[in-house]
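Engineer: kindly return the folded structure for what I paste below:
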Amino acid sequence: QVQLVESGGGLVQAGGSLRLSCAASGRTFSVSVMGWFRQAPGKEREFVAVINRSDARTNYADSVKGRFTISRDNAKNTAYLQMNSLKPEDTAVYYCAASSTFSPQHYEYAYWGQGTQVTVSS
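Structural biologist: Alright, predicted model coming up:
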């Protein structure tokens with residue numbers, strides 16, 4: 001099993017920044033990919049960003065390209081999501097997830113954190 005714990009959410013004004021963290025523990029050697037997803041009220045969970053452990057390959061949703069940056073510290077088993085130029089439409093619960101497949105599809109991810117709320121005020 002792999003346990004994921006997110007932190008760093010909060011309330012920020014439009015145009016501001018936040019950095020989310022996701023600390024992994026347990027059988028972390030079994031997962032090489034960490035991703036971020038988000039879910040706004042009344043909407044489906046959507047892909048935000050993904051990063052591969054070995055080559056740091058990344059992929060982003062079009063809606064966040066140029067504003068969000070995913071990174072990871074393999075020594076700390078931690079992934080980060082730096083969010084800049086935040087917009088009210090970025091308001092959602094953000095989830096960290098782990099997988100052995102580099103994919104934007106939520107069903108490829110076996111392990112999920114509890115989520116952290118991000119609220120962007122206009």
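
Engineer: what residues are up against residue 26?
Structural biologist: 1-3 (CB atoms under 8 Å, 6 or more residues apart in numbering). C-beta coordinates here come from the backbone N, C-alpha and C atoms, glycine included.

Engineer: mind checking the end-to-end distance for stretch 3-22?
Structural biologist: Between the start and the finish of stretch 3-22 there is a gap of 10 Å, counting by CA to CA, to the nearest Å.

Engineer: low-confidence ranges in the chain?
Structural biologist: For the chain, no stretch is flagged by pLDDT under 70.

Engineer: which residue is nearest the middle of it?
Structural biologist: When CA atoms, centre = their mean is applied to the chain, the residue found nearest the centroid is residue 36 (2.3 Å).

Engineer: which SSE is that residue in?
Structural biologist: Residue 36 is part of strand 33-39 when elements are defined by DSSP states H and E.

Engineer: flag every buried residue along that strand.
Structural biologist: Using 16 or more other CB atoms under 10 Å as the test for burial, strand 33-39 gives 33-38.

Engineer: right, and the helix or strand after that strand?
Structural biologist: That would be, after strand 33-39 and using DSSP H and E, strand 46-52.
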